[in-house]
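Undergrad: okay, here's the prediction I keep looking at, along with the sequence it came from:
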Amino acid sequence: MTEFSFDALRRAPDVEADNLFAVDASDRLILDQADAALEETVGDPGRVVVIGDNYGALTLGAAAVLELHGIRVHQDALAGELALAANARRVTDLDLSGRFVNLPLSKQLLEDATVVLLQLPRSLAALDDIARAIAAYADPSVTVYAGGRVKHMTTAMNEVLAASFDSVTARLARQKSRVLIASGPRPGVGVALPRREFHDDVGLWICASGGAFAGTKLDIGTRFLLGHLDEMKPDAATAIDLGCGTGALAAALARARPGLAVIATDQSLAAVESATATMEANGLADRVDVVRDDALSGFDDGSADLVVLNPPFHTGSTVHAGIALKLFEAAGRVLAPGGELWTVFNSHLSYRAALQRAVGATRQVDRNAKFTVMVSTKR
């Protein structure tokens, strides 16, 4: 067996900090509970699927310790994909890059799979999408080992899994983590249907997959920022909706300004799929480019006149400003001189100094009981 140390895993290019970790006890517990089933696949590549692997612990643990090949992996976050690739090259003497392939949640990911290792998502809608896809596409003998931290798990997760599988059992908790085991895919469950909702107040369809933040609802921070579209750099030729989610800001900008070139970008695959559907539903598919990208890494310096941003205030399940700060710095790099970054965030967060450092002069545009809107001008 190949020597493998979970402690060697890193989160990069995602935010790294002393209270943020690349691996937790649930990763180890999932692999431990699935050990016998995984061993049965040795010599039969392509039977193991990993879903929701944060930074590579599940994939690389199986690939290195059990010497598995042909592992198919679905990670929603691009930063997670990049971290997995980097960890595969770095954490062992044997380069594990050739042992796995990243795929979207699809038949290609799951066909003929007999073992699925799953880090439980926080969203029940996301879990339902995943469970339905496994039941629809995997081998009928498939067993799902779904784990997480006990504090983030609810009995509703068992119920969601039970809607797609005949058997769902909970194993004993260990180190504040637990694994649910699901088997017996129910016939005829079918994959999740598209979700969309029309919002009369803004005149937009919002489309969302289960893993998209806020689903088909219009996030109240985004709604607050939408009220200032007319003030956002009137002479802008190019605009980026950074961390676009379901694409509401990008769609509203494109509709309000026919001459504006708009790009919607997010590192979440669920967000990109949702934003793409939102543009199609509103007749804007030819007006807005939707791109999966991590913090504008694929964009040239000084290439945008306007960036709009409703940044997350947490990293995974941990409240942390790291992602917001990373996005502020990315916007500052990509904005052309005189370009504007418009942000909305919870009013208790003190982001003005960070915005001024990353972009330039920053002023408050609006504020209510919960949210603050600010505009920063690139120096």
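TA: Ah, there it is.
Undergrad: show me where this structure dips below the pLDDT cut-off.
TA: For the chain, the stretches with pLDDT under 70 are 1-3, 92, 313-321.
Undergrad: what about residue 307, which helix or strand?
TA: strand 304-309 (DSSP states H and E).
Undergrad: and that strand, how far from the chain's centre?
TA: 21 Å (C-alpha atoms, centre = their mean, to the nearest Å).
Undergrad: contacting residues around residue 351?
TA: Residue 351 sits next to 321, 324, 328, 343, 345, 374 when contact means C-beta atoms under 8 Å, 6 or more residues apart in numbering. Every residue, glycine included, has its C-beta placed from N, CA and C.
Undergrad: what about the residue nearest to residue 75 when sequence neighbours are not counted, neighbour count?
TA: The shortest distance from residue 75 to any non-neighbouring residue, by C-beta to C-beta, 6 or more residues apart in numbering, is to residue 81 (5.0 Å). For residue 81, the neighbour count with other C-beta atoms under 10 Å is 21.
Undergrad: tell me if I am right that residue 81 is in a helix.
TA: Yes. Assessed with DSSP: H, G, I helix; E, B strand; the rest coil, residue 81 lies in a helix.
Undergrad: residue 8 versus that one, what's the distance?
TA: As judged by C-beta to C-beta, to the nearest Å, residue 81 and residue 8 stand 18 Å apart.
Undergrad: again with residue 183
TA: Taking C-beta to C-beta, one finds residue 183 at 33 Å from residue 8.
Undergrad: go on, residue 243?
TA: Separation of residue 243 from residue 8 (C-beta to C-beta): 30 Å.
Undergrad: between those two, which is the more surrounded one?
TA: Neighbour comparison, residue 243 and residue 8: the larger count goes to residue 243, with 25 against 13 (by other C-beta under 10 Å).
Undergrad: correct me if wrong: that one contacts residue 327.
TA: Yes. The criterion here is C-beta atoms under 8 Å, and residue 243 meets it with residue 327 at 6.2 Å.
Undergrad: please enumerate the shared neighbours of those two.
TA: 309, 311.
Undergrad: residue 262 reaches residue 237, doesn't it?
TA: No. If you go by C-beta under 8 Å, residue 262 and residue 237 don't touch, sitting 10.5 Å apart.
Undergrad: looking at the two, which is more packed in?
TA: residue 262 (27 against 13).
Undergrad: that's a helix at the more buried one, yeah?
TA: No. Secondary structure of residue 262 (three-state DSSP): strand, not part of a helix.
Undergrad: residues near residue 353, how many?
TA: Residue 353 - counted by other C-beta under 10 Å - has 9 other residues nearby.
Undergrad: again, but for residue 45
TA: By other C-beta under 10 Å, neighbour count at residue 45 equals 12.
Undergrad: do the same with residue 114
TA: Other residues close to residue 114 by other C-beta under 10 Å number 19.
Undergrad: now do the same contact list for residue 50.
TA: 58, 59, 62, 71, 72, 73, 74, 100, 116, 117, 118.
Undergrad: checking the second one next. Helix, strand or coil?
TA: If I follow you right, that is residue 59. Going by three-state DSSP: residue 59 is helix.
Undergrad: mind giving me the domain ranges of this protein?
TA: 6-185, 195-377 (automatic domain parsing).
Undergrad: what about the helices in the protein?
TA: 25-33, 35-39, 57-65, 78-90, 107-110, 124-137, 155-162, 220-226, 248-256, 269-281, 322-334, 352-358 (DSSP state H).
Undergrad: looking at those helices, which is closest to residue 16?
TA: helix 322-334 (8.0 Å; C-beta to C-beta).
Undergrad: hang on, the earlier thing: so what strands line up beside the strand holding residue 307?
TA: If you go by DSSP bridges, strand 304-309 pairs up with strand 238-242 (parallel), strand 335-346 (parallel).
Undergrad: now render those strands as CSV, adding mean neighbour count and distance to residue 286.
TA: Formatted as CSV, the strands paired with strand 304-309 follow (neighbours: other C-beta atoms under 10 Å; distance: least, C-beta to C-beta, whole Å):
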stretch, mean neighbour count, distance to residue 286
strand 238-242, 26, 16
strand 335-346, 21, 25
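Undergrad: who's in contact with residue 246?
TA: So residue 246 contacts 206, 207, 208, 212, 213, 214, 215, 216, 271, 274, 275, 278 (C-beta under 8 Å, 6+ apart).
Undergrad: not counting sequence-adjacent ones, nearest residue to it?
TA: Leaving out its chain neighbours, the residue that sits closest to residue 246 by C-beta to C-beta, 6+ apart is residue 274, at 4.5 Å.
Undergrad: do I have it right that the one you found meets residue 248?
TA: No. Counting by C-beta under 8 Å, residue 274 does not reach residue 248; the two are 10.1 Å apart.
Undergrad: between these two, tell me which one has more neighbours.
TA: residue 274 (31 against 28).
Undergrad: excluding its backbone neighbours, what's nearest residue 295?
TA: residue 330 (4.2 Å).
Undergrad: of all the contacts of residue 50, which comes closest to residue 226?
TA: So of the contacts of residue 50, ranked by how close each gets to residue 226 (C-beta to C-beta), first place is residue 74, at 32.0 Å.
Undergrad: now the closest one: how far from residue 363?
TA: Taken as C-beta to C-beta, the span from residue 74 to residue 363 is 42 Å.
Undergrad: a markdown table for the strands paired with strand 304-309, including distance to residue 25?
TA: What follows is these, written out as a markdown table (distance: least, C-beta to C-beta, whole Å):
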| stretch | distance to residue 25 |
| --- | --- |
| strand 238-242 | 34 |
| strand 335-346 | 30 |
